[in-house]
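**Q** with the input below, show me the fold.
(one chain, ligands or ions: 1)
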Amino acid sequence: MSFKKISLGLLAIVSCAVAVSLPQKRAACSNGRIASHASCCVWFDVLDDLQENLFDGAQCGEEAHESLRLTFHDAIGFSPQLFKQGKFGGGGADGSIMAHSEIETNFHANNGVDEIVEEQRPFAIKHGVSFGDFIQFAGAVGVSNCLGGPRLQFLAGRANFSLPSPDLLVPEPSDSVDAILARMGDAGFSPAEIVDLLASHSVAAQDHVDPTIPGTPFDSTPSSFDANFFVETLLTGKLFPGNGSNVGEELSPLPGEFRLTSDFELARDPRTACEWQSFVNNQALMVAKFEAVMAKMAVLGHDPRTLVDCSEVIPIPPAAKAQVASLPAGQSLSDIPAACAATPFPTLSADPGPATSIGPVPPS
Ligand code: HEM
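**A** Here you go, the predicted model:
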């Protein structure tokens with residue numbers, strides 16, 4: 001047999017082996033979509049259902065915001081410190097907030113999450129997926145609907161078993177910076193990573209800190225995953241948008257905007273201020289760091305090597321309008337006292353027009 005024939009024969013065997021090995025993993029899913037692992041197919045069906053029936057046609061509205069918040073309130077129920085003391089420290093991103101909602105939604109820091117838990121639960125049951133997987137998936141899909149949003153990693157395969165998380169593991173807006181750094185540090189996050197996680201407050205509003213003004217957002221663009229949140233939290237506070245100072249509330253710079261004490265303090269604390277400032281002129285950096293830290297948060301309490309990567313199911317978000325945040329109309333750089341000693345505050349331009357005032361986020 002000639003050398004050419006032998007190599008052609010080998011090539012045929014190799015191609016055959018490739019052809020045989022590929023279909024074992026790759027799978028054809030509904031509506032002509034392909035998944036790299038058959039177990040990911042179900043998530044395309046969940047995606048369609050969520051976008052139509054929870055997120056009102058792929059909107060970055062209230063349900064998307066609440067779903068993103070829920071990823072945190074489930075996952076942060078995890079304390080290695082408690083385990084070290086011989087106590088149960090929680091299972092992390094295990095769906096316990098949904099499985100044991102009668103316990104966990106009564107924790108003070110979880111005020112208001114009962115609504116989204118009840119809205120989400122029927123979807124998880126209908127599609128036969130675990131609560132822990134579902135919560136992280138819904139948050140990732142919801143935030144992918146926001147302009148300039150991240151495309152979060154999504155790993156599937158968390159067991160549908162959990163025990164109730166202990167209380168007092170979710171930070172409160174009235175907690176001191178020391179307390180927040182300690183609690184988040186226990187769960188494995190550095191001070192900079194806490195700031196990275198708080199990019200989530202760029203697509204966020206409050207309902208319960210001041211219940212007289214539900215839907216009052218934390219920045220002027222709550223449907224855009226942009227850096228405006230990081231600028232606006234640094235502006236000098238002038239007013240309360242609602243009925244006056246509440247526990248966990250600070251003076252806000254703009255009518256119709258709400259400022260949490262925790263955001264106010266983390267923006268100015270020497271341990272976190274420079275990371276905070278680093279995002280005001282770099283939306284891409286903010287997104288990249290949020291994606292990295294969310295990948296870490298979503299697997300708290302799990303060994304990621306036991307999960308299957310179904311990230312391909314997460315939609316590609318619409319592009320950001322701008323890479324650099326702008327100052328709200330009527331504000332100037334003199335309204336931003338320096339907080340990061342190491343780097344001067346970058347030059348930003350102000351939006352044109354009359355002074356910015358923000359209306360409540362319309363219910364979706
Ligand atoms: C220091 C840590 C944090 C504190 C103290 C905090 C506190 C709060 C508070 C008080 C609210 C308003 C809730 C309401 O009145 O309805 C809120 C909203 C929100 N939080 Fe956080 N948060 C923290 C970290 C996070 C993280 C890590 C995420 C996600 C990764 C997150 C996502 C959200 C979202 C998306 C909303 C808006 C929910 C909506 O519009 O319905 N937060 N947060």
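**Q** return the residues of this protein in contact with the ligand.
**A** 62, 65-66, 68-69, 71-72, 112, 171-173, 180, 197-198, 200-201, 203-209, 248, 260, 262 (C-beta under 6 Å from any ligand atom). All C-beta spots, glycine's among them, are computed from the backbone N, C-alpha and C.
**Q** mark which of the residues you listed are part of strands, please.
**A** 205-206, 260 (DSSP state E).
**Q** just the buried members of the residues of the chain next to the ligand?
**A** 62, 65-66, 68-69, 71-72, 112, 171-173, 180, 197-198, 200-201, 203-207, 209, 248, 260, 262 (16 or more other C-beta atoms under 10 Å).
**Q** mark which of the residues you listed are part of helices, please.
**A** Judged by DSSP state H, helices contain the following of those: 62, 65-66, 68-69, 71-72, 180, 197, 262.
**Q** the closest residue to the ligand within the stretch 251-364 of the chain and G86, how far apart?
**A** Residue nearest to the ligand within the stretch 251-364 of the chain: S262 (4.0 Å; C-beta to the nearest ligand atom). Separation of S262 from G86 (C-beta to C-beta, to the nearest Å): 30 Å.
**Q** just the terminal-to-terminal distance for stretch 257-273.
**A** Stretch 257-273 has an end-to-end distance of 21 Å (criterion: C-alpha to C-alpha, to the nearest Å).
**Q** actually stretch 36-43, sorry about that
**A** 12 Å.
**Q** H208: what's it in contact with?
**A** By C-beta atoms under 8 Å, 6 or more residues apart in numbering, the contact list for H208 reads 111-112, 214.
**Q** correct me if wrong: Q51 contacts C60.
**A** No - counting by C-beta atoms under 8 Å, Q51 does not reach C60; the two are 11.6 Å apart.
**Q** joint contacts of the two?
**A** Contacts common to Q51 and C60, judged by C-beta under 8 Å, 6+ apart, are N145.
**Q** between those two, who's got more neighbours?
**A** C60 (26 against 18; other C-beta atoms under 10 Å).
**Q** can you get me a residue count around S36?
**A** Neighbours of S36 under the rule other C-beta under 10 Å: 14.
**Q** so can I have TSV of the ones in strands among the residues of the chain next to the ligand showing distance to E291 and pLDDT?
**A** Shown next, in TSV, are those (distance: C-beta to C-beta, whole Å; pLDDT from 0 to 100):
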residue	distance to E291	pLDDT
A205	23	98
Q206	25	98
L260	23	98
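**Q** residues contacting F279?
**A** F279 makes contacts with 195, 199, 227, 230, 285-286, 289, 325, as judged by C-beta under 8 Å, 6+ apart.
**Q** what's the nearest residue to it if we skip its chain neighbours?
**A** Excluding the flanking residues, the one nearest F279 by C-beta to C-beta, 6 or more residues apart in numbering is M286, at 4.1 Å.
**Q** which residues sit against whichever strand or helix holds the one you found?
**A** For M286, the host element (DSSP states H and E) is helix 283-297. Contacts with helix 283-297, where a contact means C-beta under 8 Å, 6+ apart, come from 71-72, 75-76, 93, 140, 148-153, 188-189, 193, 196-197, 199-200, 225-227, 230, 278-279, 320, 322-325.
**Q** restricted to helices, list the residues you listed.
**A** Per DSSP H, these map to helices at 71-72, 75, 140, 193, 196-197, 230, 278.
**Q** so where do the strands sit in the chain?
**A** Counting by DSSP E, the strands of the chain are 27-28, 34-35, 155-156, 205-206, 216-217, 249-250, 259-260, 308-309.
**Q** tabulate those strands (JSON lines), appending distance to S130.
**A** Shown next, in JSON lines, are these (distance: least, C-beta to C-beta, whole Å):
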{"stretch": "strand 27-28", "distance to S130": "20"}
{"stretch": "strand 34-35", "distance to S130": "18"}
{"stretch": "strand 155-156", "distance to S130": "8"}
{"stretch": "strand 205-206", "distance to S130": "29"}
{"stretch": "strand 216-217", "distance to S130": "32"}
{"stretch": "strand 249-250", "distance to S130": "36"}
{"stretch": "strand 259-260", "distance to S130": "31"}
{"stretch": "strand 308-309", "distance to S130": "12"}
